[in-house]
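[1] following is a predicted model, sequence given first.
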Amino acid sequence: MLPSYLTMAAILFCIGLYGALAKRNAVIVLLSLELMLNAVNLNLIAFSKYGVVPSLTGQIFSLFTITVAAAEAAIGVAILIALFRMRGTVNVDEFDKMRR
Amino acid sequence: MDMYTQAAWLVPLFPLAAFLLLTALGRGFRKAGALIGSAGALAAFVLSLLIVVERLGEGAVDYNNAIDWIAIGDYTLRIGFEVTNLTAMMLVVVTLVSFLVNLYSAGYMKNDERITVFYGYVSLFTFSMLGLVLSDNLLSLYIFWELVGVCSFLLVGFWYTKPKARAAAKKAFIVTRIGDAGLLLGILLLFWYMPDHALDFTTIQSVFDGQSGAITTGITTLIALLIFLGAIGKSGQFPLHVWLPDAMEGPTPISALIHAATMVAAGVFLIARTYDIFQDSAAAMETVAYVGGFTAIFAATVALAQNDIKRILAYSTVSQLGYMMMALGLGSLTGGVFHLFTHAFFKALLFLGAGSVIHAVHTQNIHEMGGLASKMRVTAWTFAVGALALSGIPPFSGFWSKDMILTAAIETNPLLFVVGLAAAFCTALYMARLFFLVFMGKPGSASADAHEAPAVMTAPLVVLAVLAAAAGFVETPWNGWFGSWLSGEAEAAHGSGVAIVASIAVGLLGLYVGWLIYGKGGVSRKAAAERAPWLVKLLENGYYADELYAAVIVKPIRTIGSVLMVVDEYIIGGLVRLAGIATAYAGRTAARLQNGQVQTYGLAAAIGFVVLVAAIVGRRFWP
């Protein structure tokens, strides 16, 4: 059972990574980040159930991660809205204020 | 029993305390300067005198006390003091002259702005010189040796607003450094070859005295010559004599203290202290004798044609130091040290007298003086005593010591005897010239409103005149007390009729010729200048030694220096600049990577992560 879960998580993670690195729209990038986090959560739960040393810790940890992810999404969207108000765009390529 | 001898380490501490106090007080307290400086020197003198008096009796043993200074592995460097009869004598000479100079300076330097600083320097010098004398090993001697050099530098350049004084101070320091480098090498060689790396004089004495063969003759000669190089620099021997006449730019009391009586005698003292090394090497002894003899005649002839009162005395000092070296080289330790002893008094007297004259007439050119005897009676009389002592006229002190050296020469080396006699003749001649031009004859252009110096300046002159007249009686041809006290061996009467007669004859002859030319006027003063102008020019310029060194040494070194500077500026500096530019360029290039695109950063991080994982996983398949 474990390998299929892990494969599933890996696929999710790769899709998320691709989206985070390649998509122009900042909203999509944020969504992709959530996708990667969920891939990690899936791994945690899979290991807590089918791992070598099954333990409840993984599931509790994933609950924490979901909480943190929710907070992160809230902050991310807030920043995004602020940025949109300032620059009038959600294109990631144009967010290059930190350039030297 | 030998309570004072054991307390000898206190002697240098008095001037040191004076120096610290004066430095702490700063430039105010102008009156305190003379008081504190003189008090420090006086306390040191009293203690030194007590030490000598204590040691006058028969069989005074050398006292040595030392503490551990630095421990390196098994080797322990000790630092301490040693009192022998030689060092006890030096203590008295140094502290006495220092005290008198301190006293004299109260008058001479009265109107100087930095009189407190001056007294501070003098006290520091006295401390260093006493430390040098008391040192029980070569290393601490070397430290004090450099310290007196620093004090000499500070005091020669005391009037540093004069460019000539600055140049002279630099010259004095650099030229003596050449000798110091030799001395340091000699000490290092000695350290290397001595059993147990001992550097204290007691061990040196026993190693070289016992003919133990611990050190081969070749190395001994090398060590002795290197030590002698240090003495050449410090004592103004040819070819490193050039700094001493220039050092006369310093205040005159300093010339008396440092550049006549004490510091320049340190070279002679050093050789006397390490005499056992020299005695083991005939070649080194001969070198010392010939360098000394040559310097004696060389400087005496130069002194004949100088027109600056202090430069005459400076060349005279060089010449007399040459005498001392010659005596040491001829194997007469007593002769050299005895001449050091008497010379300290009469040369300090002559310098202080010259200072008194300069103080009165505000010039140093002897042709502008004249007829000062009636206006400055004390100075004239004491100066005459000093001049007679220097010329070697009995019964003044210089006669006895010079006679002893000439006696040593006639017994061992007739050539040097003749050289010594010729130098003695020149000495008498230039002293007669100096005395008659300055004190006799018609008043010169500068001597119109000359007046006698205040009592604080004439009192030291009188004291020194008494000593210059009488100090010679500690050692006469029929009474070898000084020699036996110094070396601890019973010394037989050593008189040589020929030497006595010859030395009196040349002394009187020199004075007579001088009187004929410059006193009576029987022989034209211009005779020499008319017949051999080149000779007079040659002597006036000190055989062009300065010019020769400037052409042969200074100029090539400057050329090399400027070449090296170009190398430094463009090659070394260029390399450094290149490294800087390359780094800045690399930084600018790398900075372009920071383009503000978060996704690019993320991609780079992801690729890096993949590479890391690939490396860690792939390592498994690597053999």
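    Cool, the structure landed. Keep in mind it's a predicted model, so treat the numbers as computed, not measured.

[2] residues of chain A that sit close to chain B?
    Within chain A, the positions adjacent to chain B are A:17, A:20-22, A:29, A:92-93, A:95-100 by CB under 8 Å from any CB of the partner chain. The way it works is simple: take the backbone N, C-alpha and C, and place the C-beta from them, glycine included.

[3] where is pLDDT lowest across these?
    Least confident entry in the residues of chain A next to chain B, by pLDDT: residue A:100, with 64.

[4] can you map out the helices along the stretch 101-250 of chain B?
    B:115-134, B:138-156, B:163-193, B:201-209, B:217-234, B:243-246 (DSSP state H, counting those that start in this stretch).

[5] dump these to CSV, plus mean pLDDT.
    Putting those into CSV (pLDDT from 0 to 100) gives the following:
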stretch, mean pLDDT
helix B:115-134, 89
helix B:138-156, 90
helix B:163-193, 89
helix B:201-209, 80
helix B:217-234, 88
helix B:243-246, 87
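
[6] figure out which of these is closest to residue B:449.
    helix B:115-134 (24.3 Å; CB to CB).

[7] please name the residues that touch the residue in the stretch 301-450 of chain B that chain A sits nearest to.
    Nearest residue of the stretch 301-450 of chain B to chain A: residue B:314, at 70.6 Å (CB to the nearest CB). Counting by CB atoms under 8 Å, 6 or more residues apart in numbering or on different chains, residue B:314 makes contact with B:244, B:245, B:247, B:248, B:255, B:259.

[8] wait, isn't the third one in contact with residue B:158?
    No: no contact is recorded between residue B:247 and residue B:158 when judged using CB atoms under 8 Å, the distance being 11.1 Å.

[9] closest one to residue B:458 among the helices of the stretch 101-250 of chain B?
    Comparing the helices of the stretch 101-250 of chain B under CB to CB, the one sitting nearest is helix B:115-134, at 19.4 Å.

[10] for residue B:157, what are its contacts?
    So residue B:157 contacts B:165, B:166, B:168, B:169, B:170, B:249, B:250 (CB under 8 Å, 6+ apart).

[11] neighbours of the closest residue to it other than its chain neighbours, how many?
    With sequence-adjacent residues excluded and distances taken as CB to CB, 6 or more residues apart in numbering or on different chains, residue B:157 is closest to residue B:169, at 3.0 Å. Neighbourhood size, residue B:169 [other CB atoms under 10 Å in any protein chain shown]: 24.

[12] would you agree residue B:169 is in contact with residue B:160?
    Yes: the criterion here is CB under 8 Å, and residue B:169 meets it with residue B:160 at 7.4 Å.

[13] joint contacts of the two?
    Here residue B:169 and residue B:160 have no joint contacts, going by CB under 8 Å, 6+ apart.

[14] quick check, pLDDT for the closest residue to residue A:80 other than its chain neighbours.
    What sits nearest to residue A:80 in space, not counting adjacent residues and going by CB to CB, 6+ apart, is residue A:26, at 5.4 Å. According to the prediction, residue A:26 has pLDDT 90.

[15] residues in contact with residue A:26?
    Per CB under 8 Å, 6+ apart, neighbours of residue A:26: A:80, A:83, A:90, A:91, A:92, A:95.

[16] wait, which of these is closest to chain B?
    Among those, residue A:92 lies closest to chain B (CB to the nearest CB), at 6.1 Å.

[17] just give the closest residue to the closest one, not the sequence neighbours.
    Nearest one to residue A:92, counting by CB to CB, 6+ apart, is residue A:26 at 5.3 Å.

[18] for the one you found, give its distance to residue A:32.
    According to CB to CB, to the nearest Å, residue A:26 stands 10 Å off from residue A:32.

[19] hmm, back to that, residues touching the residue nearest to residue B:157, list them.
    Neighbouring residues of residue B:169 by CB under 8 Å, 6+ apart: B:153, B:154, B:156, B:157, B:160, B:247, B:249, B:250.

[20] list only those of the residues you listed flagged as buried.
    B:153, B:154, B:156, B:157, B:247, B:249, B:250 (16 or more other CB atoms under 10 Å in any protein chain shown).

[21] farthest-apart pair in the residues you listed, please.
    Most distant of the buried ones among the contacts of residue B:169, by CB to CB, are B:154 and B:249, 12.7 Å apart.

[22] what residues are up against residue 76?
    Going with chain A. A:30, A:33.

[23] the chain in question should be chain B.
    So residue B:76 contacts B:68, B:69, B:70 (CB under 8 Å, 6+ apart).

[24] pull out the buried positions in the helix or strand harbouring it.
    Per DSSP states H and E, residue B:76 falls inside strand B:75-83. Under the neighbour-count criterion of 16+ other CB under 10 Å, strand B:75-83 has B:77, B:78, B:79, B:80, B:81, B:82, B:83 buried.

[25] redo those as JSON lines? Include pLDDT and distance to chain A.
    What follows is the buried residues of strand B:75-83, written out as JSON lines (pLDDT from 0 to 100; distance: CB to the nearest CB, whole Å):
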{"residue": "B:77", "pLDDT": "81", "distance to chain A": "59"}
{"residue": "B:78", "pLDDT": "83", "distance to chain A": "65"}
{"residue": "B:79", "pLDDT": "84", "distance to chain A": "62"}
{"residue": "B:80", "pLDDT": "85", "distance to chain A": "67"}
{"residue": "B:81", "pLDDT": "87", "distance to chain A": "69"}
{"residue": "B:82", "pLDDT": "86", "distance to chain A": "72"}
{"residue": "B:83", "pLDDT": "86", "distance to chain A": "76"}
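
[26] out of those residues, which comes closest to residue B:621?
    Taking CB to CB as the measure, residue B:621 lies nearest residue B:77 of these, at 63.6 Å.

[27] now that closest one, which residues is it bridged with?
    Beta-bridge partners for residue B:77, by DSSP bridges, are residue B:70.

[28] got the domain ranges for chain B?
    Domain ranges of chain B: B:1-136, B:543-590, B:593-623, per automatic domain parsing.

[29] would you mind finding the most buried of these?
    Using mean count of other CB atoms under 10 Å in any protein chain shown, the stretch among the domains of chain B with the greatest mean number of neighbours is domain B:1-136 (a mean of 20).

[30] quick one: distance of that domain to the chain centre.
    Its chain's average C-alpha position is 17 Å from that of domain B:1-136, according to CA atoms, centre = their mean, to the nearest Å.

[31] likewise stretch B:500-517?
    30 Å.

[32] likewise for stretch B:568-582?
    44 Å.

[33] again with stretch B:125-141
    13 Å.

[34] next: stretch B:572-586.
    49 Å.

[35] average pLDDT for it?
    Mean predicted lDDT for stretch B:572-586 stands at 94.

[36] cool, stretch B:328-347 as well?
    88.

[37] for stretch B:514-534, same thing?
    Rounded mean pLDDT across stretch B:514-534 is 73.

[38] start to end distance for it?
    Across stretch B:514-534, the terminal residues are separated by 21 Å (CA to CA, to the nearest Å).

[39] check stretch B:130-148 too.
    10 Å.

[40] what's the answer for stretch B:436-454, then?
    23 Å.

[41] pLDDT of that stretch, averaged?
    Mean pLDDT, computed over stretch B:436-454, is 77.

[42] also stretch B:248-256?
    Computed over stretch B:248-256, the average pLDDT equals 87.

[43] need the contact list for residue B:385.
    Neighbours of residue B:385 in contact, by CB under 8 Å, 6+ apart: B:346, B:349, B:396, B:465, B:468, B:469.

[44] determine which two of the residues you listed are furthest apart.
    B:349 and B:396, at 10.8 Å, using CB to CB across the contacts of residue B:385.

[45] quick check: neighbours shared by those two?
    B:385, B:389, B:468.
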